[in-house]
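[1] Model the structure of this input:
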Amino acid sequence: MSLTDPDFVACPTPKAAIDELIRLHDRAVTALRMALEAFFQAGTLPSAAQRAMFRYPELRVTYAPDSVTPASRRAFAKFQGPGVYATSVTQPEDFRAYLLEQLSPLTSEYGATLAVGVGEQEIPYPYVFQQGDELGRNDVTAAELARVFPMPMLANIGDEIADGTFEIHEGARRPLALFDAVRVDYSLRRLQHYTGCDWRAIQPWILLTNYHRYVDQFIRWGLEQVRAGGDYDRMILPGNVVIDASMTEAEAEAQIASVAWHKFQMPAYHVATANGQGVTLINIGVGPSNAKNITDHLAVLRPHCWLMVGHCGGLRQSQHIGDYVLAHGYLREDHILDALVPLAVPIPALAEVQVALQQAAASVTGDRGEALKQRLRTGTIVTYGDRNWELRFSQERRRINMSRAIAVDMESGTIATQGFRLRVPYGALLCVSDKPLHGEIKLPGAANAFYERAVSEHLKIGLAAIDLLKQNKDTLHSRKLRSFDEPPFR
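    Predicted coordinates for the structure are as follows:
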């Protein structure tokens with residue numbers, strides 16, 4: 001397919017391009033669903049002409065400047081050089097606001113031209129199932145479907161663009177976005193599987209935690225927001241249970257009690273707004289594997305940030321149970337991302353996030369100056385992949401000492417590294433729940449007393465930080481996260 005393919009329609013505006021993407025995507029999904037239905041009902045095979053319709057739409061953006069490329073302090077929606085940039089697109093109706101945000105500066109500031117047509121990537125058949133339980137109808141097996149319809153091919157799903165291993169050949173189209181349609185659809189289905197909610201419920205401001213008690217507090221806060229009649233108009237719980245202001249308190253409590261959150265590995269809870277600027281909390285559980293897993297998939301939604309609010313072990317004598325740790329560096333002992341982001345690559349603290357978390361802590365706790373410094377300490381966090389690292393402390397002591405680390409956990413370094421790798425602003429504010437080097441270990445009685453006192457305040461700080469970041473969204477997407485050969489899209 002040439003760069004000037006006559007089957008691609010020139011679109012005069014970003015809105016027109018998005019409308020054409022939606023039309024082509026709807027047509028392809030409908031054609032594939034109809035062919036699947038015919039196969040389920042009568043074993044009818046799709047013709048070659050039908051199969052040619054089972055393709056994602058493709059968006060092409062051409063930048064051919066006749067002068068110097070405009071300078072921009074914005075971290076995204078800009079070109080590194082002239083050329084034709086392209087990506088396949090899925091779910092364009094749901095990504096309309098994002099696409100418009102990215103395309104508008106490219107056309108208005110750079111004079112780029114847009115074209116849309118049918119791309120080369122086929123839509124795998126599982127991605128058009130509406131309920132997800134269509135497999136097995138009329139004893140049709142997955143193996144039979146795979147012989148007839150496009151199927152997910154792992155060779156076609158990857159992060160080469162995000163990881164910088166994508167090869168750009170002279171005269172070929174350059175990547176327009178970090179993720180193509182196949183990669184996005186793969187993650188959208190994974191999100192539903194792990195979180196127990198439709199991926200559309202996930203909000204762009206994300207809190208990640210490693211303890212269910214934060215969920216209890218988040219639900220209480222969500223109910224308060226929905227009943228207050230402000231920007232937050234509904235709460236969505238695992239299993240796509242929706243709570244809104246029309247429900248009585250008893251009805252809402254009954255719905256909450258009925259949620260089978262334990263069916264899902266990393267249940268998600270969403271307090272949504274009409275304009276799509278709500279907050280999501282995901283209980284990712286313990287460990288760097290879960291942290292990498294969920295952020296791999298959340299990244300395709302292009303969230304504005306993800307923040308870790310969980311527990312850590314304090315490493316300094318001067319710390320107290322219930323103190324806070326604001327991460328500004330990470331000793332990465334999780335090792336789950338070493339091949340993708342080598343340990344020699346620094347993971348910088350993002351000033352916008354750091355300032356928001358510190359201001360939020362001051363606002364919620366009421367502490368200022370020295371009082372705040374006593375409760376909130378900034379420093380390096382050690383992120384381990386081994387929960388029982390204490391059992392080999394004699395070997396780890398020197399490394400911890402050299403790093404000047406002030407706390408230890410199992411997720412924050414992974415989440416920050418993923419944010420750096422996948423260009424999602426990140427941060428971590430942790431609460432000291434024990435001091436393993438100083439004899440203050442987690443015992444049931446003391447732990448419960450701490451949890452009841454500390455979790456509510458900690459969550460409020462995370463939510464207050466998000467409120468502050470929302471007010472500065474235009475500067476949040478730091479250029480620190482962009483390389484010299486970035487795709488134009490955020």
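[2] unless I'm mixing things up, R183 is touching A162, no?
    No. Under the criterion of Cβ atoms under 8 Å, R183 makes no contact with A162, lying 9.0 Å away. Using the backbone N, CA and C atoms, a C-beta is placed for each residue, glycine as well.
[3] Pick out whichever of those two has more residues nearby.
    R183 (24 against 20; other Cβ atoms under 10 Å).
[4] got the residue ranges for the strands in the stretch 101-250 of the chain?
    For the stretch 101-250 of the chain, the strands defined by DSSP state E, counting those that start in this stretch occupy 113-122, 174-175, 205-209, 232-237, 241-244.
[5] so which of these is the most packed in?
    strand 205-209 (a mean of 25; mean count of other Cβ atoms under 10 Å).
[6] Please tell me how far that strand is from the chain's geometric centre.
    9 Å (Cα atoms, centre = their mean, to the nearest Å).
[7] any idea of the mean pLDDT for that strand?
    Per-residue pLDDT over strand 205-209 has a mean of 98.
[8] repeat for stretch 284-304
    The model assigns stretch 284-304 a mean pLDDT of 97.
[9] got the buried residues for it?
    Applying a neighbour-count criterion of 16 or more other Cβ atoms under 10 Å, one finds 284-285, 287-304 buried in stretch 284-304.
[10] swap in stretch 469-485?
    Going by 16+ other Cβ under 10 Å, stretch 469-485 has these buried residues: L469, K470, L476, H477, L481, R482.
[11] Specify which member of these is nearest to A48.
    The closest of the buried residues of stretch 469-485 to A48 turns out to be R482 (Cβ to Cβ; 42.6 Å).
[12] Skipping its backbone neighbours, what lies nearest that closest one in space?
    Take R482 and drop its neighbours on the chain: the residue closest to it by Cβ to Cβ, 6 or more residues apart in numbering is A75, 5.4 Å away.
[13] surely the one you found meets H477?
    Yes. Under the criterion of Cβ under 8 Å, A75 makes contact with H477 at 4.5 Å.
[14] what is in contact with the two at once?
    R490 (Cβ atoms under 8 Å, 6 or more residues apart in numbering).
[15] the helices in this protein, which residues?
    Listed in chain order, the helices of the chain (DSSP state H) span 14-42, 48-51, 96-108, 142-148, 181-195, 212-228, 249-257, 288-298, 351-365, 369-375, 393-403, 412-422, 444-471, 473-476.
[16] mind putting these in CSV, distance to G385 included?
    Formatted as CSV, the helices of the chain follow (distance: least, Cβ to Cβ, whole Å):
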stretch, distance to G385
helix 14-42, 40
helix 48-51, 45
helix 96-108, 33
helix 142-148, 34
helix 181-195, 20
helix 212-228, 22
helix 249-257, 34
helix 288-298, 5
helix 351-365, 24
helix 369-375, 29
helix 393-403, 12
helix 412-422, 9
helix 444-471, 23
helix 473-476, 30
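[17] Quick check: which of those is buried the most?
    helix 412-422 (a mean of 26).
[18] any idea which of the buried residues of stretch 469-485 is closest to M410?
    Nearest to M410 among these, with distances taken as Cβ to Cβ, is L481, at 23.5 Å.
[19] Run through the residues that contact the closest one.
    A75, G419, F420, R423, V424, P425.
[20] Mind doing that once more with 6 Å?
    R423 (Cβ atoms under 6 Å, 6 or more residues apart in numbering).
[21] quick one: it and Q418, what's the gap?
    Counting by Cβ to Cβ, to the nearest Å, the gap from L481 to Q418 is 11 Å.
[22] now N283
    Taking Cβ to Cβ, one finds N283 at 17 Å from Q418.
[23] Give me the spatial nearest neighbour of A17, chain neighbours excluded.
    C11 (3.8 Å).
[24] So for the residue nearest to Q217 when sequence neighbours are not counted, what's the pLDDT?
    In this structure, Q217 finds its nearest non-sequential neighbour in L459, 4.7 Å apart by Cβ to Cβ, 6+ apart. Predicted confidence (pLDDT) for L459: 96.
[25] so how far is T383 from L459?
    21 Å.
[26] Can you pull out the low-pLDDT segments for this protein?
    Residues of the chain meeting the criterion pLDDT under 70: 1-4, 131-136, 438-451.
[27] Centre-most residue in it?
    L298 (2.6 Å; Cα atoms, centre = their mean).
[28] how is the chain carved up into domains?
    9-180, 192-479 (automatic domain parsing).
[29] re earlier: and the strands of the stretch 101-250 of the chain as JSON lines, adding distance to A407?
    Output for the strands of the stretch 101-250 of the chain, formatted as JSON lines (distance: least, Cβ to Cβ, whole Å):
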{"stretch": "strand 113-122", "distance to A407": "44"}
{"stretch": "strand 174-175", "distance to A407": "38"}
{"stretch": "strand 205-209", "distance to A407": "16"}
{"stretch": "strand 232-237", "distance to A407": "31"}
{"stretch": "strand 241-244", "distance to A407": "35"}
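[30] out of these, nearest to D323?
    The nearest among these, by Cβ to Cβ, is strand 205-209 at 17.7 Å.
[31] now that closest one and helix 288-298, what's the angle there?
    Angle, strand 205-209 to helix 288-298, by axes from the mean of the first three to the mean of the last three Cα atoms, to 10 degrees: 170 degrees.
[32] mind exporting strand 205-209 as CSV, just the C-alpha atoms?
    This file holds the C-alpha atoms of strand 205-209, laid out as CSV (Å, rounded to 0.1, in the frame of the first residue of the first chain):
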residue,chain,number,x,y,z
TRP,A,205,-6.7,9.8,37.1
ILE,A,206,-5.6,6.5,38.7
LEU,A,207,-4.7,5.5,42.2
LEU,A,208,-3.0,2.2,42.7
THR,A,209,-3.0,0.5,46.1
